[in-house]
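**Student:** here you go, sequence then predicted model.
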Amino acid sequence: MKQFKQILSPIILATMTFQTTATHAQGGPNTTNNAPEAIRAFQVHVPDADLAELKQRINATRWPIQETVSDRSQGVKLEGFQQLVQYWGTAYDWRKAEAKLNALPQFITNIDGLDIHFIQVKSKHKNALPIIVTHGWPGSIFEQLKIIGPLTDPTAYGGKAEDAFDVIIPSMPGYGFSGKPTATGWGPDRMAKAWDVLMKRLGYTRYVAQGGDWGAVVSDAMGRQAPKGLLGIHVNMPATVPADIAQALKSGLPAPASLSAKEKKAYESMNDLYTRGGAYAGIMVTRPQTLAYGLSDSPSGLAAFYYDKFNDWTYSGGDAAKVLSKDDMLDDITLYWLTNTSASSSQLYWENNNNNFNVVEQRTREIKVPVAVTVFPGEIYQAPKTWTEKAYPNLIYYHEVNNGGHFAAWEQPQLFAEELRAAFKTLR
Amino acid sequence: MKKSKNILTNTMVAGAIMMQSTLGNAQSVAPASLSSEPTIRPFQVKVPAKKLEDLKRRILATQWPEPENVKDASQGVQYATMQALAKYWTTSYDWRNMEAKLNALPQFVTTIDGVDIHFIHVRSKHKNALPVIITHGWPGSIIEQMKVIGPLTDPTAYGGKAEDAFDVVIPSLPGHGFSGKPTELGWTAARIAKAWIELMNRLGYKKYVAQGGDWGNAVTELMALQTPPGLVGIHTNMAATVPADIAKALSTGVKPADLSPDEKNAYEQLDYFYKTGLGYANEMGLRPQTLYGIADSPIGLAAWMLDHDARSYALIARVFAGETEGLTKDDIIDNITLYWLTNTAVSSARLYWETFQAKAGFFDPRNVTIPVAVSAFPDEIYAAPKSWAEKAYPHLIYFNKLEKGGHFAAWEQPTLFTQELRAAFKSLR
């Protein structure tokens, strides 16, 4: 068994090592393990010392003064957050997360100069439809773990054999176990191209793509690029805000009187994001590096910045713990910590300060491949059907469901899997 | 000598700093425990050695992010600058020097409206010295103003005349430095202004002026709006003068065609700031409590504080690259260390949150009608044009456009700043 260390960067003071084993590689047909395009098997094993250091830092947290309000309006409330962090520093066990990951086939392959980490689970069923599912921020591949079973093994999860998918879940550049770009230019378009390369390298000639958050932006970009073999996309955070509405939002005007009830609600949700909920993006779009010093050095600082958004964006009434377990959230946060990706992940905002919700900026009308949309009630906004039809000329599926939020696959994996089955039925 | 401890807050879990206030030189006899009484207690700073050791240990143990993947400051505070700062902080820097400087000045604490207000109070030896209350901003502190104390109180030693003399009062904003941290809502700039008026009354001043930049400007203008009988005028180095039509143009992105060169320059400075430099203010205005990282990480705090505005950051980056500027490495780190030791990253950020609740623009004119003096420093977030200042302040008594200096004018250009205050207030004495 050949082992080598992947040093994420020579300047990380607390370097973590991942051991990758080549013995189980399902590798592309004509590659060797030394070629950049080789598909190398990957396993995660964080050194004990790194985990011990993390716990030591957590337990040495210096806390700020408590908020002066009784609600979440100043940010993450001290008391509940201290309980979460205390759990993180004591009972939480990263090894369980690691075991979950290592039970799945994971690989790394170099695309466009960057190592891309991905999970690939093939279905036992013939004619399974290959799907590449892209996570967002502050998510990771952990968001998608719960849907792997329902998608690849539908008969065990209330579906039929003909619902089966082969599932590919990559870590975006700068995220998780993928490499960190050392130069600019890794925006959604470049990522979309890389994902097609990945699917072709895996031997897939027809496939679909799916995403929410940045994953939706990347999936939209794939849709625009329409590489041969891409049959369609499904997004759970579609970009449907029409140009005139986007302009009204920018000017801070009240919702135009002509809007339907659902459009008005969508307008108000977007207005709420821009006026009250968008500061996290504002700082990452403009000054990702400045933010990263505190997030890289302080586990509680990192956790709070992400936990704030779990609370905001899950369908939970502001308390993410109602729909995600503490371990779910901490697995994701710990992954960011151990891979030290707070800076590299936020660079994506800096790279792409386009508005991810707008038709014009996302050029959705250029998407000619079939598009399926699921609207979750806890998403940042609920894309109205009227807007969605205009935004995506080739809309083949639109469904409003009654549960789940921004992290739909993570929050409601069964419902999410059912949506993908229904969405792509006609494209098989 | 009776000693009492001022615990800034009982909710600090780790890293509570204790400041010893000595009553031996107290000007009042009431015990500190009767904090509702208008007593003025002397104050000295002495940070326990173990707090300084803990700080150093944390800096040395920093887990660093990747460096930015650009060659400029467009992604934020640069890695090389932070590395140089960390090195200086842990090898050459000595907080005790700053502590000694502070303790060489008469410092006091008095409780106003339920919050302990810390202030430096230096009286001039000259008769008829004009009392001035100078208010710092974010990410500044009383340390910004220490270099102007000598020139203002003792003008004859600094190229001025006896009739230029000021009595100087320099308070720490609530939630900042050695002032208390409000535990209730409502500590807006207006409430701080009210507290400052009470402070000046408590010090016995019947006729005084006020000065400020950044938050200090907001507080100073709000003092003026309350028109207390003793306040005869104000001076600002970050004037709020942006006309409504310009503010609207900035939000819609349609630049007016008929701007003078100074107005055009101001417009472009503001446009740049709003597009690239407002991230920190929005985060603090909307989610101050989410910034746990800057309470827990000295390097996180330092980076956050260095990134106030592009020009002051560029100056600081030059300083840590070895160039000589108006600020020294010690200046910069003194201020950061003060925030760290007092654990005020979040409590100070809350002033943005309080202000955001009111939804008023930071640079919107407030219709101040008492005499106003303006110094426009070129590297400020925007250099207020005289034309806008005249409209914003109907009683503009002084306006000067400077050749040098930025957001931290008193700290960076203390001589110029002092000359400005002498000239600005001459007619009000």
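**Tutor:** Happy to help now that I have it.
**Student:** C-alpha only now, for contacts and for neighbours.
**Tutor:** Fine.
**Student:** give me the mean pLDDT for the longest helix along chain B.
**Tutor:** As assigned by DSSP state H, the longest helix anywhere in chain B is helix B:261-276. Per-region confidence: helix B:261-276 scores 96 on mean pLDDT.
**Student:** contacts for the helix or strand just after that helix?
**Tutor:** Using DSSP states H and E, the helix or strand that follows helix B:261-276 in sequence is helix B:279-286. Helix B:279-286 has contacts (Cα atoms under 8 Å, 6 or more residues apart in numbering or on different chains) with A:73-75, A:276-277, A:279-280, A:282-284, A:286-287, B:291, B:304, B:308, B:349-356.
**Student:** try stretch B:386-400
**Tutor:** Outside stretch B:386-400, the residues that reach it (Cα under 8 Å, 6+ apart) are B:239-243, B:263, B:365-376, B:424.
**Student:** got a pLDDT number for residue 157?
**Tutor:** Because you didn't say which chain, this covers chain A. On the pLDDT scale, A:Y157 gets 96.
**Student:** nope, chain B please
**Tutor:** For B:A157, the model assigns a pLDDT of 97.
**Student:** what residues are up against it?
**Tutor:** Applying Cα under 8 Å, 6+ apart, one finds that B:A157 lies in contact with B:P151.
**Student:** and the strands in the stretch 101-250 of chain A?
**Tutor:** Along the stretch 101-250 of chain A, counting by DSSP state E, counting those that start in this stretch, strands occupy A:106-111, A:114-121, A:129-134, A:165-170, A:207-211, A:230-235.
**Student:** got the domain boundaries for chain A?
**Tutor:** For chain A, the structural domains run A:49-91+A:275-351, A:94-238+A:352-427, going by automatic domain parsing.
**Student:** so what's the gap between the longest helix of chain B and the chain middle?
**Tutor:** Centroid separation for helix B:261-276 versus its chain: 23 Å, with Cα atoms, centre = their mean, to the nearest Å.
**Student:** buried sites along it?
**Tutor:** B:E263, B:K264, B:N265, B:A266, B:Y267, B:Q269, B:L270, B:D271, B:Y272, B:F273, B:T276 (16 or more other Cα atoms under 10 Å in any protein chain shown).
**Student:** ok so, going back, to chain B, which of the strands of the stretch 101-250 of chain A lies closest?
**Tutor:** Ranking the strands of the stretch 101-250 of chain A by proximity to chain B (Cα to the nearest Cα) places strand A:114-121 first, at 14.2 Å.
**Student:** for the closest one, give the mean pLDDT please.
**Tutor:** On average, strand A:114-121 scores 98.
**Student:** before we move on, what about stretch B:199-216?
**Tutor:** Averaged over stretch B:199-216, pLDDT sits at 98.
**Student:** and the contacts of it?
**Tutor:** So stretch B:199-216 is in contact with B:38, B:112, B:130-138, B:189, B:217-220, B:229-239, B:407-408, going by Cα under 8 Å, 6+ apart.
**Student:** now, which of the residues you listed lie within strands?
**Tutor:** In strands, judged by DSSP state E, the following of the contacts of stretch B:199-216 are found: B:112, B:130-135, B:231-236.
**Student:** I'd like to know which of the residues you listed is nearest to A:F142.
**Tutor:** The nearest member of the ones in strands among the contacts of stretch B:199-216 to A:F142, counting by Cα to Cα, is B:T135 at 48.7 Å.
**Student:** what's around the closest one, how many residues?
**Tutor:** For B:T135, the number of neighbouring residues by other Cα atoms under 10 Å in any protein chain shown comes to 28.
**Student:** could you measure it against B:D167, distance?
**Tutor:** According to Cα to Cα, to the nearest Å, B:T135 and B:D167 sit 14 Å apart.
**Student:** try B:H121
**Tutor:** The spacing between B:H121 and B:D167, counted by Cα to Cα, is 8 Å.
**Student:** which one's more surrounded, the two?
**Tutor:** Neighbour count, other Cα under 10 Å: between B:H121 and B:D167, B:D167 has more, with 23 against 20.
**Student:** element containing that one?
**Tutor:** Per DSSP H and E, B:D167 falls inside strand B:166-171.
**Student:** just the C-alphas of that strand, formatted as CSV.
**Tutor:** This file holds the C-alpha atoms of strand B:166-171, laid out as CSV (Å, rounded to 0.1, in the frame of the first residue of the first chain):
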residue,chain,number,x,y,z
PHE,B,166,-7.0,73.8,26.3
ASP,B,167,-8.1,71.7,29.2
VAL,B,168,-8.5,68.2,27.7
VAL,B,169,-11.1,65.6,28.5
ILE,B,170,-10.7,62.3,26.6
PRO,B,171,-13.4,59.7,27.4
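**Student:** chain center to it: distance?
**Tutor:** Worked out by Cα atoms, centre = their mean, strand B:166-171 lies 14 Å from the chain centre.
**Student:** repeat for stretch B:412-429
**Tutor:** Put simply, stretch B:412-429 sits 18 Å off its chain's centre (Cα atoms, centre = their mean).
**Student:** before we move on, what about stretch B:256-263?
**Tutor:** How far stretch B:256-263 lies from its chain's middle: 30 Å, per Cα atoms, centre = their mean.
**Student:** between the two ends of that stretch, how far is it?
**Tutor:** 10 Å.
**Student:** so what touches it?
**Tutor:** Residues outside stretch B:256-263 that contact it (Cα under 8 Å, 6+ apart) are B:I246, B:A249, B:A383, B:A384, B:P385, B:S387, B:W388.
**Student:** now the longest helix of chain B against helix B:279-286, angle please.
**Tutor:** 60 degrees (axes from the mean of the first three to the mean of the last three Cα atoms, to 10 degrees).
**Student:** give me the number of residues near B:S92?
**Tutor:** Per other Cα under 10 Å, the neighbour tally for B:S92 reads 9.
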